[in-house]
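Asks: All I have is the shape, not the residue letters:
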């Protein structure tokens with residue numbers, strides 16, 4: 001019975017592939033959920049987002065006049081422009097432009113068209129300035145830059161150093177802001193499932209907050225079987241020492 005108890009304790013006190021492994025095949029035995037595929041939707045600019053742009057023109061007069069508001073000497077964008085509550089941005093020398101609800105490419109085309117009304121050869125490169133996501137919980141909390149389009153959940157968490165063993169991969173949450181004063185959307189999913197790929201939970205968007213809760217039983221677990229054996233060995237050694245001391249005292 002003692003041996004059986006030790007084996008049971010060993011199996012329940014260590015982190016296993018079933019608990020923390022990624023891309024597992026959902027089965028009835030492991031109770032991992034299956035997620036439907038969903039088409040990727042590009043990010044659309046929201047109120048309070050900030051954009052940066054670069055204007056290129058061969059017209060030296062306009063280039064010098066707009067240079068202070070366009071790009072610095074060292075190639076870094078000098079200013080960012082916030083999207084107001086009415087969905088517009090204020091760009092020097094232009095009337096307010098509505099870009100809320102547009103993708104970056106659509107906003108870039110809108111800004112280019114506006115500049116070409118006064119500068120025929122104007123070309124514009126536009127980007128979202130606040131292109132980052134945040135992580136809290138058991139996954140090395142911080143704020144991280146979205147360095148490419150279609151950044152997925154695995155790449156995002158790899159930037160943090162991955163989820164800790166104590167993190168609950170079964171209940172990962174993404175808090176995603178919504179426009180128009182609506183409550184943020186909360187997406188909850190099991191990151192162990194291989195069907196997460198190309199699902200609605202797969203891609204990370206600007207301003208997302210990834211929350212990794214701690215598993216309820218993490219206090220009782222050890223990182224691996226070697227750690228568990230070491231813990232048992234140390235406990236037995238301590239118990240033996242105490243019993244020997246007590247026996248010595250009562251001789």
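Replies: Okay, I see it. Bear in mind that the values here come from a model prediction, so they are computed numbers and not experimental data.
Asks: And stretch 31-42, what's buried?
Replies: Within stretch 31-42, the residues scored as buried using 16 or more other Cβ atoms under 10 Å are 32, 35. Heads up, the C-betas are built off the backbone N, CA and C, glycines and all.
Asks: Identify the residues contacting that stretch?
Replies: Here stretch 31-42 makes contact (Cβ atoms under 8 Å, 6 or more residues apart in numbering) with 24-26, 103-105, 149-150, 189-190, 192-193, 195-196, 198-201, 203.
Asks: switch to 7 Å and redo it
Replies: 24, 26, 103, 150, 189-190, 192-193, 195-196, 198-201, 203 (Cβ atoms under 7 Å, 6 or more residues apart in numbering).
Asks: Can I have the buried ones of those as a ChimeraX selection?
Replies: To isolate the buried members of the contacts of stretch 31-42 in ChimeraX, using 16+ other Cβ under 10 Å:
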select :24,26,189,190,192,193,195,196,199,200,201,203
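Asks: Just the closest of the contacts of stretch 31-42 to residue 132, please.
Replies: Nearest to residue 132 among those is residue 203, at 14.7 Å by Cβ to Cβ.
Asks: Off-centre distance for stretch 129-148?
Replies: Distance of stretch 129-148 from the chain centroid (Cα atoms, centre = their mean, to the nearest Å) equals 5 Å.
Asks: now stretch 110-122
Replies: That offset, for stretch 110-122, works out to 36 Å (Cα atoms, centre = their mean).
Asks: per-residue confidence averaged over that stretch?
Replies: In this model, stretch 110-122 has an average pLDDT of 94.
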